[in-house]
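J.: quick one, structure for this:
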Amino acid sequence: MASKDQVASWTEEAVCPICLDFFTDPVILECGHNFCRSCITRFWDRAERNSCPECGKAFEDRILRVSWALARLADKARNHNLYRKEERKPHCEEHQEELKLFCETDKKLLCVICAAALEHKSHSFMVIEEAVEIHKNQVKSSLESLAKKESEIQLMEQQQKLNISGVLEESRNLKSHFKAWFVKLHQILSEKENRLLGDLQEENNKIENEMKTKLTEIQNNLNDVQRELVELQERMDQKDGVLFLKVRRNITGSFKGKRTVAKRWDVVLK
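T.: Purely as a prediction, here's the structure:
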């Protein structure tokens with residue numbers, strides 16, 4: 001059985017020197033050193049030059065070859081829980097030194113070499129433990145403030161839900177009221193419509209009967225006039241003068257009848 005030192009030795013071979021965790025998509029550089037593809041890519045982007053974080057060798061092109069052996073080794077170590085990232089302290093990706101300081105100005109972790117760099121000159125630093133304590137207190141205060149705000153917002157939410165419920169209930173009541181009112185209004189209008197239509201029909205029947213009666217009278221007068229016209233025409237067609245004079249008296253009576261008919265027409269037309 002392999003000793004703990006042996007296990008630790010081959011486990012270290014499966015760890016990326018930048019992220020200090022088991023390799024993910026490991027690649028090998030031209031110098032022979034291995035890194036996670038994402039780790040070395042980010043390192044080159046930050047450094048703005050293609051160089052090895054281990055030996056410092058620079059490369060003209062970004063040539064990354066997949067390391068299948070390391071990929072299998074890392075998967076095996078990861079599956080057997082042989083290494084945990086939190087067991088090792090974090091290191092600076094640029095200088096491979098332990099991160100011991102926190103820059104309050106830039107809000108980032110630094111190693112002692114980073115802190116001495118020109119870009120951090122006159123910045124405010126503190127040890128990580130102290131920074132953690134201070135920021136934990138700040139976070140705790142923020143949590144308490146947010147918890148209080150959350151409680152207030154929850155109360156507002158409940159009140160708003162009650163308001164919405166009240167508005168919906170009032171709306172339902174108004175709808176029911178309006179529906180009942182319009183049903184009653186429709187009933188009233190329907191009854192009034194039927195009554196008016198009945199009165200109109202009755203008046204129309206009355207007028208129609210009167211007009212039919214006058215029409216009958218007009219037709220009777222027309223028949224009388226037409227009949228008298230026929231009689232007069234027959235007398236006018238009489239060739240015998242003696243016979244024509246004999247019926248003069250009747251003719252005179254007929255003319256009187258015409259005047260009577262004319263008067264009857266005037267009455268009807270009025």
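J.: domain assignment for this protein?
T.: Per the record, the chain has its domains at 1-88, 135-269, by automatic domain parsing.
J.: which intervals of the stretch 1-150 of the chain have sub-threshold pLDDT?
T.: For the stretch 1-150 of the chain, the stretches flagged by pLDDT under 70 are 1-10, 80-89.
J.: what residues of stretch 155-162 count as buried?
T.: For stretch 155-162, burial by neighbour count (16 or more other Cβ atoms under 10 Å) applies to no residue. Where C-beta positions appear, they are placed from N, C-alpha and C, glycine not excepted.
J.: who's in contact with stretch 27-41?
T.: 16-19, 23-26, 43, 52-55, 57, 59, 63-67, 70, 93 (Cβ atoms under 8 Å, 6 or more residues apart in numbering).
J.: among those residues, name the ones in strands.
T.: Pro26, Arg65, Val66 (DSSP state E).
J.: from those, pick the one nearest Gln159.
T.: Pro26 (57.2 Å; Cβ to Cβ).
J.: go ahead and confirm that closest one touches Leu70.
T.: Yes - the pair Pro26 / Leu70 is scored as a contact, 4.2 Å apart, by Cβ atoms under 8 Å.
J.: comparing the two, which residue is more hemmed in?
T.: Higher neighbour count among Pro26 and Leu70: Pro26, with 25 against 22, using other Cβ atoms under 10 Å.
J.: from Phe102, how far out is the more buried one?
T.: 31 Å (Cβ to Cβ, to the nearest Å).
J.: got a list of what the residue lying closest to Asp61 once chain neighbours are set aside touches?
T.: Closest residue to Asp61 apart from its sequence neighbours, by Cβ to Cβ, 6 or more residues apart in numbering: Asn50 at 7.3 Å. Going by Cβ under 8 Å, 6+ apart, Asn50 touches Trp44, Ala58, Phe59, Glu60, Asp61, Arg62.
J.: look up how far Ala117 lies from the second one.
T.: Taking Cβ to Cβ as the criterion, Ala58 is separated from Ala117 by 20 Å.
J.: these two: who's more crowded?
T.: Ala117 (13 against 9).
J.: between the contacts of Asn50, which is nearest Met236?
T.: Nearest member of the contacts of Asn50 to Met236, counting by Cβ to Cβ, is Arg62, at 136.7 Å.
J.: my guess is the closest one contacts Trp44. True?
T.: Yes - in terms of Cβ under 8 Å, Arg62 counts as a neighbour of Trp44; the distance is 6.8 Å.
J.: ok so, going back, and the domains of the chain: which comes nearest Glu129?
T.: The closest of these to Glu129 is domain 135-269. By Cβ to Cβ, the value is 10.6 Å.
J.: pull the distance from the helix or strand encompassing Glu217 to the chain's centre.
T.: Element membership of Glu217, judged by DSSP states H and E, is helix 128-236. Chain-centre distance of helix 128-236: 29 Å, with Cα atoms, centre = their mean, to the nearest Å.
J.: same question for stretch 226-242.
T.: Using Cα atoms, centre = their mean, the mean C-alpha position of stretch 226-242 is found 98 Å from that of the whole chain.
J.: can you check stretch 96-115 too?
T.: Using Cα atoms, centre = their mean, the offset of stretch 96-115 from its chain centre is 49 Å.
J.: now do the contacts for the nearest residue to Glu104 once chain neighbours are set aside.
T.: Excluding the flanking residues, the one nearest Glu104 by Cβ to Cβ, 6+ apart is Ser124, at 4.2 Å. Counting by Cβ under 8 Å, 6+ apart, Ser124 touches Cys103, Glu104, Thr105.
J.: out of the residues you listed, who's the most crowded?
T.: Highest neighbour count within those: Cys103, with 18 neighbours (other Cβ under 10 Å).
J.: shouldn't it be in contact with Ala116?
T.: No - look at Cys103 against Ala116 with Cβ under 8 Å: they stay out of range, at 11.9 Å.
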